[in-house]
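1. 3D, please:
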Amino acid sequence: MKSSLKSAYITVVMSLVSTHAMSVVEYDQDVVPDIIFGSGNSNGFFTTDRNNGVEVGLRAKIPYNGLTNSNGDGTYSYTLAETDYDNDPGTPNRWNYDFAINVNFDNSSGMHLDDFTYELGIDADPSLAVDYYAADIVLTPIFGILAPDHAIGDNSTTNGAGSTFFWFSDYETALAGNNVVQNSSYYSLAADNVPGFTYDPDIPGTYGIYLLVRDGTNQLVARTDIQVLIGGAPPAFVPDAPVGPLDLVASSDSGESDTDDTTNVSLPNLMVTCSDASHVVNIYSDLPVIDTLIGIHNCSSAGVEQATVTAPLVDGVHNLSYTETNVVGESAHSATLAVTIDTVAPNAPLINVIADNVTQLSGTAEAMSALTVNGVICTNAPIYADNMGNWSCDYVAPLGAGSVVNANATDIAGNISLPSLDSEVQHVNLAPSFNVVCDLDATDVTGPSQNTIFYPGYAYGMDVGTGETQNYTMSINVAPANDPDGVIDT
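-> Numbering: from 1, shown residues only. Predicted structure coming up:
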């Protein structure tokens, strides 16, 4: 890197990460109002940033023939043969960068060019490293008195109709009354005029250019960056953090729902978004530790692709994310996706005792699991255990004594339990009841006595006073345990 530099240019050391303006950079854009410098120059293919009424744009092109090989992502690629624009080996190869600044592109601010400051940075290092030389190319005079040959205009200026000035004083007056400045410059011009700037047009290289605008308080308003790839050179910036979300492929999302991100598939497939066909996607989990690499995917195109996890995921909740990597380095992480891995089958359900005089059976199972009941048709199907694990099955008619019922539980991830133990329907005796009438008169009772009526297993008694003549009635309820056959023995 250069440590010092004469003239208005300064050395700016940049890290190998792309820098962005406060708003979204757009690609292959037209600038407002049109191309106002030169003649016969077409609009289009600018990499732009628009923010708070300010538009900045950059593009690379081959001069005279206007070739603009935009890759649609802020990079522009040219072969060495394409940079030999005049097919003359006696003249140096050449490519240009075009810049466009409009400080009131949407007619919302009423601002003029002298209300802002500007900075253009150009990279002198053909390698993947960067060495930026930066200056305010709009407000800086040449030799203190001459104007740069930029085209000045406003939103009504037509193609090629921008004004240029010789004296800087006239140029300053134009800046105060207009909002558009544009120009085109060949890259080797800096090598010709800037001490310390070297550029060899005959070797492959990767060159970065940025353009930014600051307001009167020195706050950044808008910034755009491009990379120019000469002779097949790779891009020099680390990719942006992926903006496309991770998504669990439906076929990997087991269980009743294929959208709940709970699965028993420990090597699931995920949808990722590649920004370039040359990039590599790395997929990460925070289990067992943060940034555990669980899969690598080679992009084949720019767009959404399916990637596979190659390291089995342990049971638990995984916060998954992914990055994109190019030859320079790895991007920041995408947003996370929480995926629950559950490969353990639930315990077998339990079924409560079933009587032959009811039309409902019940039991317990893993909370929120789905129950499959065998041996009876449940009229309230599908059957789910509640958050406490309780469940029930209703059916039309009582089951016969000796019938067998069992059940399986399927958890949210789709794991199926072993069947419950067979539950045999039990016979239940209804307690019989009958009235016994004792017709007593005075001759039957000669003194205080205890008259007792006997029923197998029971002794029902009543006291009858001396000399009483009346009927006594007792209701006797017989419990099934004392009457195994349910038949009253009288």
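
2. show me what the longest helix along the chain is packed against.
-> As assigned by DSSP state H, the longest helix anywhere in the chain is helix 168-177. Helix 168-177 sits against strand 151-153, with contacts defined as 3 or more C-beta pairs under 8 Å, 6 or more residues apart in numbering; DSSP states H and E. (Glycine included, C-beta is placed from N, CA and C.)

3. what helices and strands are in contact with the strand it packs on?
-> So strand 151-153, by 3+ C-beta pairs under 8 Å, 6+ apart, packs with helix 168-177, strand 180-186.

4. one more time with 7 Å
-> In terms of contacts (3 or more C-beta pairs under 7 Å, 6 or more residues apart in numbering; DSSP states H and E), strand 151-153 is packed against strand 180-186.

5. quick one: the strand it packs on to chain centroid distance?
-> Centroid separation for strand 180-186 versus its chain: 40 Å, with C-alpha atoms, centre = their mean, to the nearest Å.

6. mind listing what's buried in the longest helix of the chain?
-> Residues of helix 168-177 classed as buried: F168, Y171, A174, L175 (neighbour count, 16 or more other C-beta atoms under 10 Å).

7. please name the bridge partners of the nearest residue to V24 once chain neighbours are set aside.
-> The shortest distance from V24 to any non-neighbouring residue, by C-beta to C-beta, 6 or more residues apart in numbering, is to D49 (7.7 Å). Beta-bridge pairing of D49 under DSSP bridges involves V25, V56.

8. and D49, how far from S300?
-> D49 is 30 Å from S300, where distance means C-beta to C-beta, to the nearest Å.

9. neighbour-wise, which of these two wins?
-> Each of D49 and S300 has its neighbours counted (other C-beta atoms under 10 Å); D49 has more, 25 against 10.

10. what segments of the stretch 101-250 of the chain are strands?
-> Remark: strands assigned in the stretch 101-250 of the chain by DSSP state E, counting those that start in this stretch are 117-123, 132-135, 151-153, 180-186, 205-214, 220-230, 247-248.

11. can you add mean neighbour count and distance to V194 and give those strands back as a markdown table?
-> A markdown table is the format used below for those (neighbours: other C-beta atoms under 10 Å; distance: least, C-beta to C-beta, whole Å):
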| stretch | mean neighbour count | distance to V194 |
| --- | --- | --- |
| strand 117-123 | 21 | 9 |
| strand 132-135 | 20 | 6 |
| strand 151-153 | 22 | 22 |
| strand 180-186 | 22 | 12 |
| strand 205-214 | 23 | 14 |
| strand 220-230 | 23 | 17 |
| strand 247-248 | 19 | 49 |
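
12. for those, which has the smallest mean pLDDT value?
-> Comparing mean pLDDT across the strands of the stretch 101-250 of the chain, the weakest is strand 132-135, with a mean of 86.

13. what packs against that one?
-> Applying 3+ C-beta pairs under 7 Å, 6+ apart, one finds that strand 132-135 contacts strand 10-12, strand 117-123.

14. need the contact list for D315.
-> D315 is in contact with I341, D342, T343, V344, counting by C-beta atoms under 7 Å, 6 or more residues apart in numbering.

15. show me where the protein dips below the pLDDT cut-off.
-> For the chain, residues meeting the criterion pLDDT under 70 lie at 1-23, 89-90, 92, 190-193, 234-236, 327, 429-490.

16. count of residues packed around the residue nearest to E55 when sequence neighbours are not counted?
-> Ranked by C-beta to C-beta, 6+ apart and with sequence neighbours excluded, the top spatial neighbour of E55 is F105, at 3.9 Å. F105 has 22 neighbours, counted by other C-beta under 10 Å.

17. wait, F105 touches D30, no?
-> No. Between F105 and D30 there is no contact under C-beta atoms under 7 Å: 10.8 Å.

18. next, count neighbours for the closest residue to F46 other than its chain neighbours.
-> In space, and not counting its chain neighbours, F46 is closest to G57: 3.6 Å by C-beta to C-beta, 6+ apart. Neighbour count for G57, taken as other C-beta under 10 Å: 27.

19. okay but G57 is in contact with N102, surely?
-> No. Applying C-beta under 7 Å as the test, G57 and N102 come out as separate, 8.4 Å apart.

20. so what sits against both of those two?
-> Among the neighbours of G57, those also in contact with N102 (C-beta under 7 Å, 6+ apart) are V31.

21. ok, now how distant is the closest residue to D123 other than its chain neighbours from I122?
-> Leaving aside its chain neighbours, D123 sits nearest to G208 (4.2 Å; criterion: C-beta to C-beta, 6+ apart). Applying C-beta to C-beta, the value for G208 to I122 is 8 Å.

22. again, but for A134
-> Using C-beta to C-beta, A134 is found at 8 Å from I122.

23. what do you get for T91?
-> To I122, T91 is 21 Å away according to C-beta to C-beta.

24. make TSV from the strands of the stretch 101-250 of the chain and add distance to N406 to it.
-> Output for the strands of the stretch 101-250 of the chain, formatted as TSV (distance: least, C-beta to C-beta, whole Å):
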stretch	distance to N406
strand 117-123	74
strand 132-135	75
strand 151-153	85
strand 180-186	81
strand 205-214	70
strand 220-230	68
strand 247-248	33
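
25. any idea which of these gets closest to N71?
-> Closest approach to N71 among the strands of the stretch 101-250 of the chain (C-beta to C-beta): strand 220-230, 8.2 Å.

26. what's the angle between the closest one and strand 117-123?
-> Here strand 220-230 points in a direction 20 degrees away from that of strand 117-123 (axes from the mean of the first three to the mean of the last three C-alpha atoms, to 10 degrees).

27. picking that back up, closest to S334 out of the strands of the stretch 101-250 of the chain?
-> strand 247-248 (11.1 Å).
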